[in-house]
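> just to be clear, the model below is a prediction. Sequence and coordinates:
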Amino acid sequence: MKIAIAQINSTVGDFSGNKAKILEFARKAKNEHNAELLLFPELVLCGFPPLDLLQKNDFIEFNIKTLEILKQELPEDLAVGLGYVSKSPNPDNKKPLNTYGFIWRRKLAFEQAKTLLPENGFFNEAQYFDAGEDRNVFRFKGERIALAIDEEAFLKTDPVRDLMHMAITILCVPSAAPYTMGAIKSRQEKALQICRQADVPLIYINAVGANDSLIFAGHSFVAAKTSLLLEAKAFEEDLILWDYQKVNKENYFTDYALPVTNQASISQYSGSSKGSSDLDELEDALVLGITDYMKKCGFNCLHLGLSGGLDSALVAYLAVRAAGPENTVCFNMPSRFSSQGSKDDSKELAQNLGCRYEVLPIEDIYSACISTLEGIFENRPFDIAEENLQSRIRGILWMAYANKFNSMLLAGGNKSELAMGYCTLYGDTSGALAPIGDLYKTEVYALCKHINMRSLNATGKALIPQAIIEKPPSAELRPDQKDQDSLPPYEVLDEILRLLICENLSPEETIQKGWDKDLVNRIVLTIARNEWKRRQCPPVLKVSRKAFGLGRNMPMARGVYEIQYNIQKPENQ
């Protein structure tokens, strides 16, 4: 039996566009490759995550109506599995179901509602969906195909226990699993473990693309008891074909076709290079996140401020990969405190990237603002008010360009700065998207060095000027300013932030890891006091287990009880 796997890029709520893409892949699978069974990802029909759209009756109805159209338009002799939203059979329950069904011969031949609803931070499925109860198998051409929708396979203590008594021959795992660094390797290892336990092949069908802050890596695969037999591309739409024949219990895999690749929708920049390393995958994930956010939100092009610092250099590189150099504009906006080196470095980077570069000095505007404010500032000394005024002037000019040309402004802040509130509201936080807002500063350094190493190997020239990487980080808002005037060294800060944010450790537990008590308490206090600021920042692309804005919902006005407890607790407790 020839089984096709289609990982496609769905847009939330775009039923017409998603339907057209499903039909395109189905006809290609049938007409060009003679597939008998075609599998799509979880909730492919409506896009993931639908969030509060699930509380709208017409959204549920559009799922059902589009499914009815697909019944009539899909190839009749091709069985097609796909995910969608359906109504609960329980009339007392108004919540819909996260459903996966098989269409065959113009009929809905099988349906299975998701039974295990995760309650993670970025999308609390239990809040929106009713859990399914019954489990069964889809009988097709002599095979007994079972479904385990995403977490049903990977989060259960014993994912195959409920399936063993069904005498299944194939396990399908449709998924819409957001990308995080290193997650795909963990899923592949878990899949191989399931294959060994259940003694059946496993087909993993994952979504690809990006919706809002979430990125979906694709990487669909077929797993055997000891290895992966077939794997789709990462971060691209793909159609792969597997020729399955059950020979005997010890060897139920025969030959399989090479991948049949659909044209990728990601813009390719000459400096890019696909690879298997975590940093290559991280880079491709961020590029896809920018590309889809721009296209699905209706923007024509990208722009950003290029300061001569490392963060804006990385964002500029990612922007050029996402939109192309012809659709990317970098603005350098020097003030009286901007160093000549930063101006030269910005220009060199833009030339290396091949994108448009504009210089808009802000000194006249800044002087006018200072003059206007002179009376109400009451002759108080220069401080953060004058510093942040420069950043906010830049934000005004960036947003003016955004309005005039329907261009999407990218913010350049990283996770370390956002955690500590080391950013200016309505200034450098201005923008529609913060592409590196889930990368710690040390990760920004690592990715930039990786990009340069690859560029050196390919062309003999570093793409990001070495001076940008080597110079001490600075916002250049006052004479001789350095980040570490206000922050601990990033290699120290980032390790503590990882423990407090991603690992969710308490201050006491973090201190027990060997970190200085006063420093930990200071960082905890600073994180808490800047929650209100983060709430007003643009969305970040999620690439870690816990990103700001997703999976971390803290009150803005609160006391920092952790520190109080840490200080007041008696020594003998």
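Yes, it's here.

> how about stretch 66-73: buried residues?
Under the neighbour-count criterion of 16 or more other C-beta atoms under 10 Å, stretch 66-73 has Thr66, Leu67, Leu70, Lys71, Glu73 buried. To be clear about C-beta, it is placed using only N, CA and C from the backbone, and glycine gets the same treatment.

> how near is the last one to Asn9?
In other words, Glu73. 20 Å (C-beta to C-beta, to the nearest Å).

> for the buried residues of stretch 66-73, give me TSV that also has secondary structure and distance to Arg356.
Listed next are the buried residues of stretch 66-73 as TSV, based on DSSP: H, G, I helix; E, B strand; the rest coil; distance: C-beta to C-beta, whole Å:
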residue	secondary structure	distance to Arg356
Thr66	helix	41
Leu67	helix	46
Leu70	helix	44
Lys71	helix	49
Glu73	helix	44
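
> what's the closest of those residues to Thr226?
Leu70 (36.9 Å; C-beta to C-beta).

> now do that closest one, the pLDDT please.
pLDDT recorded at Leu70 is 97.

> ok, now which ones touch Gly289?
Residues in contact with Gly289 (C-beta atoms under 8 Å, 6 or more residues apart in numbering) are Ala210, Ser213, Ile215, Leu433, Pro435, Leu541.

> what's the closest non-adjacent residue to the last one?
With C-beta to C-beta, 6 or more residues apart in numbering as the criterion, Leu541 has its nearest non-adjacent residue at 4.0 Å, and that residue is Gly289.

> just to revisit the earlier point, let's have the buried residues of stretch 66-73 in CSV, adding distance to Glu42.
Below are the buried residues of stretch 66-73 laid out as CSV (distance: C-beta to C-beta, whole Å):
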residue, distance to Glu42
Thr66, 16
Leu67, 15
Leu70, 16
Lys71, 20
Glu73, 22
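
> the longest helix in this structure is where?
With secondary structure taken from DSSP state H, the chain has its longest helix at helix 384-405.

> send the alpha carbons of it over as PDB?
C-alpha atoms of helix 384-405 as PDB (Å, rounded to 0.1, in the frame of the first residue of the first chain):
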ATOM      1  CA  ILE A 384      17.000  57.900  31.600                       C
ATOM      2  CA  ALA A 385      14.400  60.400  30.300                       C
ATOM      3  CA  GLU A 386      16.800  61.900  27.900                       C
ATOM      4  CA  GLU A 387      18.300  58.500  27.000                       C
ATOM      5  CA  ASN A 388      14.900  56.900  26.200                       C
ATOM      6  CA  LEU A 389      13.800  60.000  24.200                       C
ATOM      7  CA  GLN A 390      16.300  59.100  21.500                       C
ATOM      8  CA  SER A 391      14.900  55.600  21.200                       C
ATOM      9  CA  ARG A 392      11.300  56.900  21.000                       C
ATOM     10  CA  ILE A 393      12.200  59.300  18.300                       C
ATOM     11  CA  ARG A 394      13.500  56.400  16.300                       C
ATOM     12  CA  GLY A 395      10.300  54.500  16.900                       C
ATOM     13  CA  ILE A 396       8.200  57.400  15.600                       C
ATOM     14  CA  LEU A 397      10.200  57.400  12.300                       C
ATOM     15  CA  TRP A 398      10.200  53.600  11.900                       C
ATOM     16  CA  MET A 399       6.400  53.600  12.400                       C
ATOM     17  CA  ALA A 400       5.900  56.400   9.900                       C
ATOM     18  CA  TYR A 401       7.700  54.400   7.300                       C
ATOM     19  CA  ALA A 402       5.600  51.300   8.200                       C
ATOM     20  CA  ASN A 403       2.400  53.300   7.600                       C
ATOM     21  CA  LYS A 404       3.500  54.800   4.300                       C
ATOM     22  CA  PHE A 405       4.700  51.600   2.700                       C
END
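
> helices or strands up against it?
Under the contact definition 3 or more C-beta pairs under 8 Å, 6 or more residues apart in numbering; DSSP states H and E, helix 384-405 sits against strand 301-305, strand 328-332, helix 363-373, strand 407-409.

> and that helix, what's buried?
Applying 16+ other C-beta under 10 Å to helix 384-405 flags 386-395, 397-399, 402 as buried.

> angle of it against strand 328-332?
Helix 384-405 runs at 150 degrees relative to strand 328-332, counting by axes from the mean of the first three to the mean of the last three C-alpha atoms, to 10 degrees.

> now for the buried residues of helix 384-405, which pair is the farthest apart?
Every pair of the buried residues of helix 384-405 checked by C-beta to C-beta; the farthest is Glu386 and Ala402, at 25.5 Å.

> low-confidence ranges in the stretch 351-500 of the chain?
Residues of the stretch 351-500 of the chain meeting the criterion pLDDT under 70: 475-477, 481.

> you'd agree Gly209 is in a helix?
No: in this structure, Gly209 is strand, not part of a helix, as judged by DSSP: H, G, I helix; E, B strand; the rest coil.

> ok, it touching Phe216?
Yes: using C-beta atoms under 8 Å, Gly209 makes contact with Phe216 at a distance of 5.5 Å.

> and these two? Which one has more around it.
Applying other C-beta atoms under 10 Å to Gly209 and Phe216 shows that Gly209 carries more neighbours, namely 29 against 26.

> spatially, what comes nearest to the more buried one if we skip its sequence neighbours?
Nearest non-adjacent residue to Gly209, counting by C-beta to C-beta, 6+ apart: Asn9, 3.2 Å away.

> Cys195 now?
Cys195's closest residue in space is Lys225 (C-beta to C-beta, 6+ apart), at 4.7 Å.

> and Ser307, what does it touch?
Shown in contact with Ser307 (C-beta under 8 Å, 6+ apart): Asn332, Ser338, Ser342, Ser346, Gly412, Glu476.

> now with 10 Å?
Going by C-beta atoms under 10 Å, 6 or more residues apart in numbering, Ser307 touches 313, 330-334, 338, 342-343, 345-346, 391, 394, 412, 428, 468, 474-476.

> swap in Pro96?
Counting by C-beta under 10 Å, 6+ apart, Pro96 touches 50, 54-55, 57, 59-60, 63-64, 84-88, 113, 128-130.

> try 8 Å
Neighbours of Pro96 in contact, by C-beta under 8 Å, 6+ apart: Leu54, Ile60, Val85, Ser86, Lys87, Ser88, Tyr128, Phe129, Asp130.
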